[in-house]
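S.K.: Sequence first, predicted coordinates after that:
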Amino acid sequence: MSTVEMLEGTISQFLRRWLGLPRSPSSIALYGNSTMLQLPISGLSEEFKSEQSAVLGLIRHCCMPPMQQERHPGAYPQLLPEDMKKSGKLDDDRKQLQINYTHLAEESDELLTNYTDLLEERDQLHTNVTDITEDRDLCLDRYRSLAADKAQLLASYNNVAREKNNLMTSYNNLAQQKKQLATSNNDLAQQKKQLTTSNNNLEAQRNRFYSKLQSGGWIRFQSNFYFFSTESKNWHDSRADCRQRAADLVIVNSWVEEDFLSSHLQESTWMGLSDIDTEGVWKWVDGTQLTSGFWAPGEPNNVKGDEDCVHLDKGREWKWNDNTCSQPKRWTCELTF
């Protein structure tokens, strides 16, 4: 590359920087795509080219050696006064373009700032939407959980309501039963009062009766009364006498009673045991069958063939002996209460 070409490129770059213009049309679009900047540049493009040619010619003329200038006198044009006038006009246009460019750059910066702010707001809104979506999902899960809890509580409430109704029914039944029991209790209290009065009267009568019995020769042992005769009769007449006294011939139920009887006897005495109905089947006068007894040794033996009645034998330590019922003996009556 020659010195002249290098100088031309340097001056061309200088002029571009001096006018404040971008290096290419695409750079003009990147600086804002502004119609306000493009219109002055397009209007000046042809004029700028002619002026640039003049300037470059002047540079070549100035830089060319004198001998070369003499050989090529018309190679580069000379600057005229009208060219200087155009140069001043270009300087004013440059300043106006510089002002417009500055304004556009400020607007571009402001738009860029607004764009950046909008991007941040968009990102923030996106984050907010994500958070709200998560909150919505959480609320939906809670809603479903609460709905399930509500259904469970409603089922529990219905169960409790049914139990309440059952309890209320039971309560009403118990209240009715209580009322009936209260009435029954009052009736029973009245009956108790009447029974107490009757019992007191009966006890008084019993005591009078006991006194009368004891005064009539009856002896009390445990809960029963015993009458010991002083005369003698056969077994049937002895029983008839006891029945006239509202009693019957004695029934011996225990050794204690046997011992009581023997302690009050003086002679052999008829008792209320016989096998009159069936031979060998001993029964008491109340119809119960004998299970065990206090027989004298070898008894009962029915030695005479008709020994169907039993007495307490004095000669055999008051043990039992069967004998003929027609034999006269003393007897013992028992009055049971």
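M.R.: Cool, got the structure. Numbers count the residues shown, from 1 in each chain.
S.K.: Show me the shaky parts of this protein.
M.R.: 1-81, 83-84, 86 (pLDDT under 70).
S.K.: quick one, strands of it?
M.R.: In the chain, the segments counted as strands under DSSP state E are 218-221, 224-228, 248-249, 269-274, 283-284, 309-313, 319-323, 330-336.
S.K.: Indicate which one of those is closest to Met168.
M.R.: strand 330-336 (56.4 Å; Cβ to Cβ). Any C-beta I mention is one placed from the backbone N, CA and C, and that applies to glycine too.
S.K.: Mind exporting the C-alpha coordinates of stretch 125-143 to CSV?
M.R.: Extracted in CSV, the C-alpha atoms of stretch 125-143 (Å, rounded to 0.1, in the frame of the first residue of the first chain):
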residue,chain,number,x,y,z
LEU,A,125,-43.7,-11.6,37.6
HIS,A,126,-42.7,-15.0,36.4
THR,A,127,-41.3,-15.7,39.9
ASN,A,128,-44.5,-14.4,41.4
VAL,A,129,-46.6,-16.5,39.1
THR,A,130,-44.5,-19.6,40.1
ASP,A,131,-44.9,-18.7,43.8
ILE,A,132,-48.7,-18.1,43.3
THR,A,133,-49.0,-21.4,41.4
GLU,A,134,-47.2,-23.2,44.3
ASP,A,135,-49.4,-21.4,46.8
ARG,A,136,-52.5,-22.3,44.7
ASP,A,137,-51.4,-26.0,44.6
LEU,A,138,-50.7,-25.9,48.3
CYS,A,139,-54.1,-24.3,49.0
LEU,A,140,-55.8,-26.9,46.7
ASP,A,141,-54.1,-29.7,48.7
ARG,A,142,-55.2,-28.1,51.9
TYR,A,143,-58.7,-27.6,50.5
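S.K.: between the strands of the chain, which gets nearest to Ile99?
M.R.: strand 330-336 (149.4 Å).
S.K.: tell me which residues of that closest one are tucked away?
M.R.: Buried residues in strand 330-336, defined by neighbour count with 16 or more other Cβ atoms under 10 Å: 330-335.
S.K.: Out of those residues, which is nearest to Arg94?
M.R.: For these, the minimum distance to Arg94 (Cβ to Cβ) is 161.2 Å, reached by Leu335.
S.K.: Who are the contact partners of that closest one?
M.R.: 213, 218, 224-227, 245-247 (Cβ atoms under 8 Å, 6 or more residues apart in numbering).
S.K.: Next: Phe227.
M.R.: By Cβ under 8 Å, 6+ apart, the neighbours of Phe227 are 216-219, 242, 245, 247, 332-333, 335.
S.K.: now it: how far from Cys333?
M.R.: 4 Å (Cβ to Cβ, to the nearest Å).
S.K.: quick revisit: among the contacts of Phe227, which ones are buried?
M.R.: Applying 16+ other Cβ under 10 Å to the contacts of Phe227 flags 218, 242, 247, 332-333, 335 as buried.
S.K.: Export those residues as JSON lines, with columns for distance to Ser87.
M.R.: Compiled in JSON lines, these are given as follows (distance: Cβ to Cβ, whole Å):
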{"residue": "Trp218", "distance to Ser87": "175"}
{"residue": "Cys242", "distance to Ser87": "178"}
{"residue": "Ala247", "distance to Ser87": "174"}
{"residue": "Thr332", "distance to Ser87": "179"}
{"residue": "Cys333", "distance to Ser87": "178"}
{"residue": "Leu335", "distance to Ser87": "172"}
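S.K.: what's the closest of those residues to Gln98?
M.R.: Leu335 (155.6 Å).
S.K.: So in terms of bridging, what pairs with the closest one?
M.R.: Per DSSP bridges, the residues bridged to Leu335 are Phe225.
S.K.: Contact partners for Arg220?
M.R.: With Cβ under 8 Å, 6+ apart, Arg220 has these contacts: 210, 213-214, 226.
S.K.: what's the closest of the contacts of Phe227 to Leu119?
M.R.: Among the contacts of Phe227, and counting by Cβ to Cβ, the member closest to Leu119 is Leu335, at 126.3 Å.
S.K.: Neighbours of Asp241, how many?
M.R.: 17 (other Cβ atoms under 10 Å).
S.K.: Settle this for me: it is touching Trp270, isn't it.
M.R.: No. Asp241 is beyond contact range of Trp270, at 10.2 Å (criterion: Cβ atoms under 8 Å).
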